[in-house]
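# Next input, structure requested:
(2 chains)
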Amino acid sequence: MEIKKNKLIINLNDNEINGVITDDKDLIINLLKEQEKVNIIREDFEYNCFDVTIYDYMIGEIEKKNLILKDKVKKITDSLKIVGLNKIDFNRAIVTLSESEKKLLQIAISLLSNPNIIVFDEPFSKLDLKNQKRLIIFFQMIREKYNKTIIFITNNSEILYKYADYNIIIKNNKIISNGKKEVFEDVELLSANDIAIPEIVEFTYKARKKYNIKIDYHNDIRDIIKDIYKHV
Amino acid sequence: MKKLIELKSLNIVFYENKFYTISGSNNSGKTTLIRILNASDNLFKAVIPFELRINRDNLLEELNYQKIDKELVDYILKGLKIKGISKRPINSLSKKEIILIQIALALAKRPKALLLDSIDSYLSEDEINKLFKFLKDYQNKYTLAVINTTINLKESLLTDYLYVLHKGEVILEGEPLNVLQNDNILNRIGLEVPFMIDLSVKLRDYELISDIELDQDRMVDILWK
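All right, here's what the predicted structure looks like:
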């Protein structure tokens, strides 16, 4: 998938989890909004009415987007089922949901319009480790089973280093780096551009640079421990 | 030390002028605790993201309206680095700026305790470090307990005492560096142990180091110098 705006050309990988780090989130989100069959999930779930229920909100979304559906209730049920919220009471107020349930509901709402691309602004904020893992398993499932392209827009390089298939770093409307997880192993480039370096990468870089230790970059602490054990 | 509040069912004690972290996974009871504390005393001021009550268009006008001492206003605006945005309409501000405005309004009331509810979702690590530094300066000038809730255990290392909640109960408490070494319990409840502590604990288990080391350069030196 190619997105163009003046001199900025962004190539994202279809059916993969793409990570985007940018100093101008709004610009990128607006560019993505212009694409066909895209749905943007913002960091905060904004619902104007305090006691709005899951069902009412989803029906409202169907009407707002003029979605032509044979069976609205079935579509809502199916969307909730995909994200694992099938056992939840439709008539519950959204305000009573946990943070992770709200994130899953946001995804279920986005699935109503059957998008090809789901853009997620800060997908893991406010989520603990268990819920982060739960969500990433879900993203991997919808990528594989439903051929969705997932885009994470976040400044959290730790998360992208762990979970994204492909990464792009954009600064001042220019792509300064793109590729798989090795994007986050170019410590000097990241430092020069004030991009946070994953701690596990930074430690490995320091060991390699200062003492020329031949340890590899890993994204799992257990692997780096094995490497350290071999080289001490 | 003078006891500020005790919630007996939770066995939590907060003392004056101390900096606390309350951590726990999603649904562990952090926000509930903040709301209970906020309701328990008029001089406890909570910063719950975007729950902002304001009578005027911008922060500066609001502080004047509330007749807050000019010296205190100046100190807060300077400390939070929000002089520039203090005259801007609230509805034109970013989420991060609104959180800082909420903190300024809370501090201007000279509270006994400032309660921060997961504000780190909207501030970067560097911004949190700077904010905490300013709050510690405020503690030196005025008496203030700070109670910060977060999922990010790394923040606790900047504070005096850590409570870890799970299903509404305290399951771990103490000086952050000691509590964070309970990696198995913390991981089991869905919390991520800060990288350098996780690394230290595991390397200590392999008898490669003897103490927890938080500094990466020093750790590299200990292992390979």
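# wait, does stretch A:193-209 contact chain B?
Yes: Stretch A:193-209 is in contact with chain B by Cβ under 8 Å from any Cβ of the partner chain, via A:196, A:199-200, A:202-203, A:206-207. (Each C-beta comes from the backbone N, C-alpha and C, glycine too.)
# Chain B: which of those residues is nearest?
Nearest to chain B among the residues of stretch A:193-209 next to chain B, counting by Cβ to the nearest Cβ, is residue A:199 at 4.0 Å.
# need the contact list for the closest one.
Shown in contact with residue A:199 (Cβ atoms under 8 Å, 6 or more residues apart in numbering or on different chains): A:158, B:195-196, B:216.
# Serialize those to a markdown table and add fields for secondary structure, neighbour count and distance to residue A:15.
Supplementary listing: those in a markdown table, determined by DSSP: H, G, I helix; E, B strand; the rest coil; neighbours: other Cβ atoms under 10 Å in any protein chain shown; distance: Cβ to Cβ, whole Å:
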| residue | secondary structure | neighbour count | distance to residue A:15 |
| --- | --- | --- | --- |
| A:158 | helix | 19 | 24 |
| B:195 | helix | 19 | 31 |
| B:196 | helix | 20 | 36 |
| B:216 | helix | 18 | 37 |
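# Could you dump those into TSV and include pLDDT and distance to residue B:12?
Putting the contacts of residue A:199 into TSV (pLDDT from 0 to 100; distance: Cβ to Cβ, whole Å) gives the following:
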residue	pLDDT	distance to residue B:12
A:158	93	30
B:195	97	28
B:196	98	27
B:216	98	33
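# Longest helix of chain B, counting residues only.
The residue-count maximum for a helix in chain B (DSSP state H) belongs to helix B:125-141.
# What's the mean pLDDT across that one?
When pLDDT is averaged along helix B:125-141, the result is 96.
# Next, the residue of chain A found nearest chain B: phi, psi?
Of the residues in chain A, the one nearest chain B is residue A:130, at a distance of 3.5 Å by Cβ to the nearest Cβ. Taking degrees, to the nearest 10, you get phi -60, psi -40 for the backbone angles of residue A:130.
# Spell out which residues sit in contact with it, please.
With contacts taken as Cβ under 8 Å, 6+ apart, residue A:130 has the following neighbours: B:25-26, B:190.
# about what we covered before: make CSV out of the contacts of residue A:199 and add distance to residue B:171.
Converted to CSV, the contacts of residue A:199 look like this (distance: Cβ to Cβ, whole Å):
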residue, distance to residue B:171
A:158, 25
B:195, 22
B:196, 23
B:216, 29
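# and residue B:197, what element?
Assignment of secondary structure by DSSP states H and E places residue B:197 within helix B:195-205.
# So for that helix, what gets flagged as buried?
Taking 16 or more other Cβ atoms under 10 Å in any protein chain shown as the basis for neighbour counts, the residues of helix B:195-205 that come out buried are B:195-203.
# ditto for stretch A:192-203
A:195-203.
# what about residue B:51, how many residues close to it?
Using other Cβ atoms under 10 Å in any protein chain shown, the number of residues around residue B:51 comes to 11.
# quick one: what helix or strand has it in it?
Under the assignment given by DSSP H and E, residue B:51 is not contained in any helix or strand.
# Residue numbers of chain B in contact with chain A?
Residues of chain B found near chain A, taking Cβ under 8 Å from any Cβ as the criterion, are B:25-27, B:95, B:118, B:121, B:124-125, B:151, B:187, B:190-192, B:195-196, B:198-199, B:202-203, B:206, B:208, B:216-217, B:219-221, B:223-225.
# Those residues, buried ones only, as a ChimeraX selection?
Only the buried members of the residues of chain B next to chain A enter the following ChimeraX selection, criterion being 16+ other Cβ under 10 Å:
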select /B:25,26,27,118,121,151,190,191,192,195,196,198,199,202,203,216,219,220,223
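# how about residue A:6, what does it touch?
residue A:173.
# any idea which of the contacts of residue A:199 is closest to residue A:124?
Distances from residue A:124 to the contacts of residue A:199, taken as Cβ to Cβ, are shortest for residue A:158 (9.5 Å).
# Wait, that closest one touches residue A:198, no?
Yes: with contacts defined as Cβ atoms under 8 Å, residue A:158 counts as touching residue A:198 at a distance of 4.9 Å.
# Next, the closest residue to residue B:102 other than its chain neighbours: phi, psi?
Closest residue to residue B:102 apart from its sequence neighbours, by Cβ to Cβ, 6 or more residues apart in numbering or on different chains: residue B:47 at 4.6 Å. Residue B:47 has phi and psi values of phi -110, psi 100 when expressed as degrees, to the nearest 10.
# Point me to the helix or strand that includes the residue nearest the centre of chain A.
When Cα atoms, centre = their mean is applied to chain A, the residue found nearest the centroid is residue A:152 (2.9 Å). Residue A:152 belongs to strand A:149-153 when elements are defined using DSSP H and E.
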